[in-house]
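Engineer: Generate coordinates for the sequence data below:
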Amino acid sequence: MKMFPDLYRISSQKLAIVSNMGWFEGSIWKWTLDWKRALLQPELQHLDELTAVLSQHCPQQGKEDTLLWQGQNTYSVKELQKKVNVEVEIDSLVCTVWKKLAPPKVELFMWLALLGKLNTRQRLCDIGILQEDQATCPLCVLQSESIDHILLSCHYSQQIWQSIATDLGQPLTEPESFKQHYERWMATPWRSGLCKKVWMSTFFAAAWCIWLTRNEIIFQHKAFIHEDICQNIKRKVAFWTKAWKDRVPCTE
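Structural biologist: So this is what the prediction gives:
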C-alpha cells in the first residue's frame, strides 16, 4: 500500500489472504493479482516493479508460518526504527508502568490509561459506538466520562485518592490530568525503598479499583461504597506484596 499506492487503489484483493492470491505450480508459487480495471501504462510499469518485489517473497510448500527478525542479534525498537526509517516517539513516562509491583493485567490497564486508550464512554462516543447522550459518567452522572474524569476529577474518585493519600501520610495535589497525577505520585520521595514501592503500588491499586467499581456499576448495577473500595485497595496492595522479594512486615 505504501510502496505502490496507485496499484493498491485499483486492487480487487485488498482484503484477500496470501493463499488466495496465487497457487503452486509444482513446487513453484505463482502470484495472481486481480484489478478492478485494465492497467494504464504507468501502472504497468509499477506492476513490473511490484512483481520483482513479490518474486523475492513466496510461500513454500510443507513449511509452517514463522516470525522472523532480520535485525542484528536480538530485536530492539531502535533497530526496527532504523529498518523502517521512521521517527518513533517513545513516552518515557508511560514506559515506567512495567515495574512488576502489580499483576500484568493491572500494569496493562495503567499503560492504556496513560496512553488515553481506555474505553471510557466518551471514547466510545468519539469512535461512534455510543451516542453523545450516552457518554455520562456512571459515578456522578454529571459530566462526560473521559479517562481524566473517571480516574481523577470525578468527585467520587477524588474522595478515594484523598483517603488513600491521607492514610499514607502524604498530601495530595490537584493535577490537571490523570497522567500528571501518575507522574507526581511516582516522583514523591520516600526515605525507605520499601515504603516507596508500597506507595507506587497503591496508585495502581487505587486506579484499578476505581475502574473495576465503574464496571460493576455499569454492568452489575452495584453501588459506589467509599469505605469498601478503600479497603479493597489496601487488600490488593497487601496481596501483591507477597510476590515481591522484599520482606513486608504486614500483608493484611
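Engineer: which stretch of helix or strand covers L212?
Structural biologist: helix 193-219 (DSSP states H and E).
Engineer: Going by neighbour count, which residues in the next helix-or-strand element following that helix are buried?
Structural biologist: For helix 193-219, the succeeding helix or strand toward the C-terminus, using DSSP H and E, is helix 226-241. Neighbour-count burial for helix 226-241, with 16 or more other Cβ atoms under 10 Å as criterion, is recorded at I229, C230, N232, I233, K234, K236, V237, A238, W240, T241. Heads up, the C-betas are built off the backbone N, CA and C, glycines and all.
Engineer: now the angle from helix 226-241 to helix 193-219?
Structural biologist: 130 degrees (axes from the mean of the first three to the mean of the last three Cα atoms, to 10 degrees).
Engineer: hey, C-alpha coordinates of helix 226-241 in PDB?
Structural biologist: The C-alpha trace of helix 226-241 is given here as PDB (Å, rounded to 0.1, in the frame of the first residue of the first chain):
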ATOM      1  CA  HIS A 226     -16.400   4.500  49.600                       C
ATOM      2  CA  GLU A 227     -15.200   2.500  52.600                       C
ATOM      3  CA  ASP A 228     -15.400  -0.800  50.700                       C
ATOM      4  CA  ILE A 229     -13.300   0.500  47.800                       C
ATOM      5  CA  CYS A 230     -10.600   1.800  50.200                       C
ATOM      6  CA  GLN A 231     -10.500  -1.500  52.000                       C
ATOM      7  CA  ASN A 232     -10.200  -3.300  48.700                       C
ATOM      8  CA  ILE A 233      -7.300  -1.100  47.600                       C
ATOM      9  CA  LYS A 234      -5.400  -2.000  50.800                       C
ATOM     10  CA  ARG A 235      -6.200  -5.700  50.400                       C
ATOM     11  CA  LYS A 236      -4.800  -5.700  46.800                       C
ATOM     12  CA  VAL A 237      -1.600  -4.000  47.800                       C
ATOM     13  CA  ALA A 238      -1.100  -6.400  50.700                       C
ATOM     14  CA  PHE A 239      -1.700  -9.300  48.400                       C
ATOM     15  CA  TRP A 240       0.600  -8.000  45.600                       C
ATOM     16  CA  THR A 241       3.500  -7.500  48.100                       C
END
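Engineer: Summarise which helices and strands it is packed against.
Structural biologist: Applying 3 or more Cβ pairs under 8 Å, 6 or more residues apart in numbering; DSSP states H and E, one finds that helix 226-241 contacts helix 155-167, helix 193-219.
Engineer: if we can go back for a sec, now the helix holding L212, how far from the centre of its chain.
Structural biologist: Centroid separation for helix 193-219 versus its chain: 17 Å, with Cα atoms, centre = their mean, to the nearest Å.
Engineer: ok and it relative to helix 155-167, angle-wise?
Structural biologist: 160 degrees.
Engineer: Closest one to G128 out of the buried residues of helix 226-241, please.
Structural biologist: Closest approach to G128 among these (Cβ to Cβ): I229, at 32.0 Å.
Engineer: could you dump the helices and strands packed on helix 226-241 to a markdown table with mean pLDDT and distance to E176?
Structural biologist: Formatted as a markdown table, these follow (pLDDT from 0 to 100; distance: least, Cβ to Cβ, whole Å):
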| stretch | mean pLDDT | distance to E176 |
| --- | --- | --- |
| helix 155-167 | 97 | 14 |
| helix 193-219 | 96 | 17 |
